[in-house]
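>>> build me a model:
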Amino acid sequence: MLEAKKMEDRKPHDSNFTPRMSRRRFLQTGLAATALGAVNLTLPGCGGGNVYLDDYPNVPENKVSLKPNGKSVLILGGGFGGMHAACELVDRGFKVTVIEKSSTLGGKLKSWRDKTFGVPPVDDPEWKGYPRDHGAHAVWGFYNNLREFMFRHDYQLWKFPRESTMYNFLDRDGSQVEMGQPTSWPGPLADLERLLDVSRAFSAMAGERVTPGRHFMGKIGGFDFSDKKQRLYLDSLSFPEWARLVGIPERLTRRFFGPISEMALFDPIENTSALYILMLMSLASGHHSDMAIDIFMHPPGETYVKPIENYIRSRGGEIVFNTPVMKIKHENGRVLGVLAGEEAPAGGVTTWRCNVCGSVFSSPTKPGRCPVCGAPASEIMPFSGGGTREYVADYYVVAMDTPGAKAVSLASGLGGQPYFDNMQKLEATSVYPVNLWYDNCDVWQKRFPGHADFFASSFKLLGITLNWAMDGKVNGKHNNDPLVPDYQGKNINVIETQIANTDLVRNLDDDKIARLVHEELKIALPDLPPPTDWYVNRWDTYSPQRVGYEALRPPIQSPLDNLFFIGDWVRTDHESVYMEKTCVSAKMVTNLILEKAGQKKGRIRILRSGTPNRMISLMRAVESPYP
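Just a heads-up that it's a prediction; the model follows:
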């Protein structure tokens, strides 16, 4: 982890910093803010409504289908950002080519079938296999720009039933705290109701009373992303460091913010920058719907990624698979072309390629799983090499994860400038989703009735934990739209947990990891039988949000005039995270390219992430995150 950068302007006594408020003054202004919140949520949206309150915002001017403009774009990487940018650009008349190193689009959203996991359905000769993916993909309600894209393309998410308690925090000691989405109070008074519910949950987790007027509650609510000094200050220290400075109880840091960090930021809380935890709190606080979590229809590779691939092709886009980018050719501040592909292996060397992660490796015999990502043998194919070729376009968009972008930049001699040198200092983090199959088992339904998941705290390995085989009942009522219909009524549990602290298990084999996870699950579910089957995915390319990283992130526009970088790891100066940030960067790069091409039509309206809230705006006016 990078050491915190020493900055003179982070001192609380600096005249540029907002002075500390007294607890009485904060309580008074907090009550005033609540009263002001009574006129909240009247911000106009399209068609006279409030676009921020829609599950899928409708921005009519973003839906365009323009004629070819004679300009071309080469997108390097077909992950979440690359395929979204491709959709936006083909709609606006650009000739788009996507180069992807693996055999499918989607990046971390791709899925694939595994016939070796679990128990096949009885008498089903057409069974394709269990759909594996990177893990559950949560889409928060504040992901307004991603949801706007979905509206245009008619994609739907699986909605957690809104009458259920959304957040279920389980500690290793057995204590359980639920956090809901209260909406019983009319209109904007729901803001106050939600604040009181959060205070109640925080009190239960902290083991002491937490009121809306508590000092640290004002510090959390006072964060203003638009203030660059605040961002740099919070970027300079970890969340636990900041929490101690503002008086957040250690037990609350461990039991609430710890699980949130592992679930949302894929890192233990000790590694996480204070900036990103406060961003999450800010984004989820505008309206009760912002806190809601939906997930992609299962499996995402078939319900979301494949339709996008078909759409890109239908609009004249080209997709080149199994073609890693080797080098960017550049001269005089512009990219001239890109060299991509791979040569055949040396004679006598047996080489394989993983369809899922695109890795190429040598082995005398076909391995049982990919040594890089853990994909099954069915996804490993012989590799012969198709050679390399040069791709040329007017504009180039690097839509890779951090390791990929760093490797290509280094191989291309893009150094000696802060933009690229700082990029090399950004590291990736790891997440290991572990899935365990339990036959003849209804233990989860008895222990967590009405919950599809729980957030684990104080466990060594368990992170966000989900049962894919929910029995279709929530709060005692049958849910007509189960999470994964194939598993309903089978008397099975398919439990997934995501290990964020991968250093504890990195050197262990999959069987040992599965056994350790099962042992921890039995702390929460004592009657859990031995698992029938299991698998482990190993992903080492996620973007961490660590101390000092915000100052290092490159903006979308690179020093080369026609070269751009997008993803959740770049700097956008737009308050957003992960898939939402990736989608925002895809829209932003589209607008940049439109501007450079001199095309006025088709500019994308980018929404703010989260719902505007006057109560929070007032809190920011009178409070700040400084100790």
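
>>> from the chain's centroid, how far away is whichever strand or helix holds R200?
Per DSSP states H and E, R200 falls inside helix 189-206. Put simply, helix 189-206 sits 25 Å off its chain's centre (Cα atoms, centre = their mean, to the nearest Å).

>>> check which residues of that helix are buried.
Residues of helix 189-206 classed as buried: 190-195, 197-206 (neighbour count, 16 or more other Cβ atoms under 10 Å). Backbone N, C-alpha and C define where each C-beta goes, glycine included.

>>> distance of R546 from Q156?
Distance of R546 to Q156, given as Cβ to Cβ, to the nearest Å: 34 Å.

>>> my bad, N271
N271 sits at a distance of 35 Å from Q156 (criterion: Cβ to Cβ).

>>> between these two, who's got more neighbours?
Neighbours were counted for N271 and for Q156 using other Cβ atoms under 10 Å; N271 has more, 20 against 14.

>>> sorry, back to before: residues in contact with the helix holding R200?
Under the criterion Cβ atoms under 8 Å, 6 or more residues apart in numbering, residues 34, 37-38, 40, 167, 169, 175, 177-185, 209-212, 214, 217, 249, 251-252, 255-256, 287-288, 291, 613, 615 lie in contact with helix 189-206.

>>> of those residues, grab the buried ones for ChimeraX.
ChimeraX command restricting the contacts of helix 189-206 to the buried ones, with burial defined by 16+ other Cβ under 10 Å:
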select :34,37,40,167,169,177,178,179,180,181,182,210,212,214,217,249,252,255,256,287,288,291,613,615
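
>>> so of the contacts of helix 189-206, which ones are in helices?
Of the contacts of helix 189-206, the ones assigned to helices by DSSP state H are 34, 217, 251-252, 615.

>>> with adjacent residues omitted, what lies nearest to F420?
Once flanking residues are discounted, F420 sits nearest to L414: 4.5 Å by Cβ to Cβ, 6 or more residues apart in numbering.

>>> nope, D573 is what I meant
Nearest residue to D573, sequence neighbours excluded (Cβ to Cβ, 6+ apart): P555, at 7.9 Å.

>>> over to the nearest residue to D540 once chain neighbours are set aside: give its phi and psi.
Spatial nearest neighbour of D540, excluding adjacent residues (Cβ to Cβ, 6+ apart): S430 at 4.6 Å. Phi and psi for S430, reported as degrees, to the nearest 10, are phi -120, psi 150.

>>> same check on N435?
Per degrees, to the nearest 10, the backbone of N435 is at phi -110, psi 130.

>>> what's the helix or strand for the nearest residue to it once chain neighbours are set aside?
Excluding the flanking residues, the one nearest N435 by Cβ to Cβ, 6+ apart is E496, at 4.8 Å. Using DSSP H and E, the element containing E496 is strand 493-499.

>>> sorry, back to before: you'd agree the residue nearest to D573 is up against R571?
Yes. The pair P555 / R571 is scored as a contact, 5.1 Å apart, by Cβ atoms under 8 Å.

>>> more neighbours: those two, which one.
Remark: of P555 and R571, R571 carries more neighbours, 17 against 14, as counted by other Cβ under 10 Å.

>>> OK, contacts around the residue lying closest to that one once chain neighbours are set aside?
Closest residue in space to R571, ignoring its immediate chain neighbours: R553 at 3.8 Å, by Cβ to Cβ, 6+ apart. Residues near R553 by Cβ under 8 Å, 6+ apart: 422, 426, 569-571.

>>> any of these buried? List them.
Buried, going by 16+ other Cβ under 10 Å: 426, 569-571, out of these.

>>> which among the residues you listed gets closest to H518?
Relative to H518, the closest of the buried ones among the contacts of R553 is W569; by Cβ to Cβ it sits at 33.6 Å.

>>> excluding its backbone neighbours, what's nearest that closest one?
S543 (4.1 Å).

>>> contacting residues around the one you found?
Residues near S543 by Cβ under 8 Å, 6+ apart: 401-402, 426, 428-429, 567-569, 578.

>>> ok, Y130 next?
With contact taken as Cβ under 8 Å, 6+ apart, Y130 is in contact with 113-115, 117-118.

>>> that one pairs with what?
D114 (DSSP bridges).

>>> list the contacts for the residue lying closest to Q181 once chain neighbours are set aside?
Distances taken as Cβ to Cβ, 6+ apart place H288 nearest to Q181, at 4.8 Å, with adjacent residues excluded. By Cβ under 8 Å, 6+ apart, the contact set of H288 is 181-183, 190, 194.

>>> could you do P259 as well?
Contacts of P259 (Cβ under 8 Å, 6+ apart): 169, 455-457, 463-464.

>>> ok, now with 6 Å
P259 makes contacts with 455, 457, as judged by Cβ atoms under 6 Å, 6 or more residues apart in numbering.

>>> low-confidence regions, this structure specifically.
Applying pLDDT under 70 to the chain picks out residues 1-49, 120-124, 161-165, 182, 471-483, 485-486, 488-489.

>>> apply 50 and report the result again.
Along the chain, segments meeting pLDDT under 50 span 1-48.

>>> and after the helix or strand containing E88, which helix or strand comes next?
For E88, the element it lies in under DSSP H and E is helix 80-91. Next along the chain after helix 80-91, taking DSSP H and E as the criterion, comes strand 95-99.

>>> list the strands paired with that following strand, with their directions.
Strand pairing for strand 95-99, using DSSP bridges, gives strand 72-76 (parallel), strand 318-320 (parallel).

>>> just the CA trace of it, in PDB.
This file holds the C-alpha atoms of strand 95-99, laid out as PDB (Å, rounded to 0.1, in the frame of the first residue of the first chain):
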ATOM      1  CA  LYS A  95     -16.600   2.800 -37.200                       C
ATOM      2  CA  VAL A  96     -15.700   0.800 -34.100                       C
ATOM      3  CA  THR A  97     -13.300  -2.100 -33.700                       C
ATOM      4  CA  VAL A  98     -12.900  -3.800 -30.300                       C
ATOM      5  CA  ILE A  99      -9.800  -5.900 -29.600                       C
END
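
>>> give me the contacts around that strand.
72-76, 78, 82, 86, 89-90, 317-320, 323, 340.

>>> for that strand, the distance to its chain's centre please.
24 Å.

>>> what of stretch 298-308?
Using Cα atoms, centre = their mean, the distance from the centre of stretch 298-308 to the centre of the chain it belongs to is 17 Å.

>>> now the end-to-end length of that stretch.
The separation between the terminal residues of stretch 298-308, taken as Cα to Cα, to the nearest Å, is 15 Å.

>>> what comes up buried for it?
Under 16+ other Cβ under 10 Å, the buried positions of stretch 298-308 are 298-306, 308.
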